[in-house]
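Novice: Quick one, structure for this:
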Amino acid sequence: MRQSFFRRFLQTQFSTKALVLIPIAVGINLIGGTLSSTLKLPLFLDMIGTVLIACLAGPWVAALCGLATNLFLSIVTNPVFLPFSIVSVLCGLVTGYLVKAGFFKNKLGVVITWLACTLTNAISAAFITIFIYGGATGINSSSLFTAALIATTKEIMLSVFSTSILENLIDKGIVFLIAYWLVKKIPRRFSSQYAPLDKDYLLKGRKGS
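Specialist: Residues are numbered from 1 along each chain as shown. Below is the predicted model of the structure:
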């Protein structure tokens, strides 16, 4: 029974068409993530592909995309990214299920999804940063801000979470803006192939091409 359920789950969530999108989405994530890491920007920009694939193929494919992204980033840029794989998986699931529930039907829904993803990322990343890296990872310049807050407030949890929520509000804001723009540009004949989402609301007012 369990094996049959698991097989059905894989068949419904991970179609061949959906799996083909993962390397493309991971590539988009890697470009943004590698650039931010190399330039030591106080951003990550490594979830554009994850949000995009969440809109096309659903939450579990997005989660797999997020996991693959962090595995690659840990290899090609910095091993520090490896424990944060769980953060990417959670964000993929949260974003995917909210998109599936129709929260991308309008700009307010996009904002709600952005805020939910931001909060998920900030909380989970803060716990990993504190309990695995002692409060700072050194991935980007935001670690300096965290260190300054810790020195000032003597509150490591508050300092790490404050930094995390601030940088994620900006980072995910850019990510969702770009991803939403890309989704609107996808030709209808292509997006309509991907269940379980109804793409009509994403492509409202556009002719199929």
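
Novice: C-alpha from now on. contacts and neighbour counts both.
Specialist: Will do.

Novice: Run a quick neighbour tally on residue 19.
Specialist: 16 (other Cα atoms under 10 Å).

Novice: Please identify the helix or strand for it.
Specialist: Of the helices and strands defined by DSSP states H and E, residue 19 is found in helix 16-39.

Novice: Can you show me the CA trace of that helix as CSV?
Specialist: Written as CSV, here are the backbone C-alpha positions of helix 16-39 (Å, rounded to 0.1, in the frame of the first residue of the first chain):
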residue,chain,number,x,y,z
THR,A,16,9.1,13.9,-17.3
LYS,A,17,8.2,17.4,-18.6
ALA,A,18,8.6,18.8,-15.1
LEU,A,19,11.9,17.1,-14.5
VAL,A,20,13.3,18.5,-17.7
LEU,A,21,12.8,22.0,-16.3
ILE,A,22,14.9,21.3,-13.2
PRO,A,23,18.4,21.7,-14.9
ILE,A,24,17.2,25.0,-16.4
ALA,A,25,15.9,26.4,-13.2
VAL,A,26,19.0,25.2,-11.2
GLY,A,27,21.1,27.0,-13.8
ILE,A,28,19.2,30.2,-13.3
ASN,A,29,19.7,29.8,-9.5
LEU,A,30,23.4,29.1,-9.9
ILE,A,31,24.0,32.2,-12.0
GLY,A,32,22.4,34.4,-9.4
GLY,A,33,23.8,32.6,-6.4
THR,A,34,27.3,32.4,-7.8
LEU,A,35,27.3,36.1,-8.8
SER,A,36,26.1,37.2,-5.3
SER,A,37,28.6,35.0,-3.5
THR,A,38,31.5,36.1,-5.7
LEU,A,39,30.7,39.8,-5.3
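
Novice: mind checking the SS state of residue 194?
Specialist: In three-state terms, and counting by DSSP: H, G, I helix; E, B strand; the rest coil, residue 194 is coil.

Novice: My guess is it contacts residue 55. True?
Specialist: No. Residue 194 is beyond contact range of residue 55, at 9.1 Å (criterion: Cα atoms under 8 Å).
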